[in-house]
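Enquirer: Let me see the structure of the following:
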Amino acid sequence: MLQSVKTVFLLAVVLTVSQLFADGDVDHQEVRRLTQSGKILPLTELLRSVQENRPGRVIEVELERKGRLYLYEIEILDDQGVVWEYKLDAVTGDILELEVED
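Expert: I've put the predicted structure just below:
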């Protein structure tokens, strides 16, 4: 019985910790919670920064979690028809990567 309790407890700890470092897309409810709590910057602020850097039409936005890091991936279509993909730190707003999409 004691062994079963230890096993269940250990499994619960592992599952909880793995969720802290899980990678993947963040749903809209989580985005709202993170923004309202001040843990990430509002998307409008980041879009303004990206548009100042490279004017164009926003064609895709995703918030992803990589371990403990939240990343916004923003795709911009410029006037020449080139798609630019920005990866920004959702906490600081820093541009981490900028590349042309194929």
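Enquirer: Give me the number of neighbouring residues for Pro42.
Expert: Close neighbours of Pro42, defined as other Cβ atoms under 10 Å, add up to 14. In short, each C-beta sits where N, CA and C put it, glycine included.
Enquirer: what's near enough to touch the residue lying closest to it once chain neighbours are set aside?
Expert: Once flanking residues are discounted, Pro42 sits nearest to Thr35: 5.4 Å by Cβ to Cβ, 6 or more residues apart in numbering. Shown in contact with Thr35 (Cβ atoms under 8 Å, 6 or more residues apart in numbering): Leu41, Pro42, Leu43.
Enquirer: where exactly do the strands run in this structure?
Expert: With DSSP state E, the ranges of strands along the chain come out as 24-25, 57-66, 69-77, 83-89, 95-100.
Enquirer: Name the residues of the fourth one that come out as buried.
Expert: With burial defined by 16 or more other Cβ atoms under 10 Å, the residues of strand 83-89 counted as buried are Val83, Trp84, Tyr86, Lys87, Leu88, Asp89.
Enquirer: Cheers, nothing more for now.
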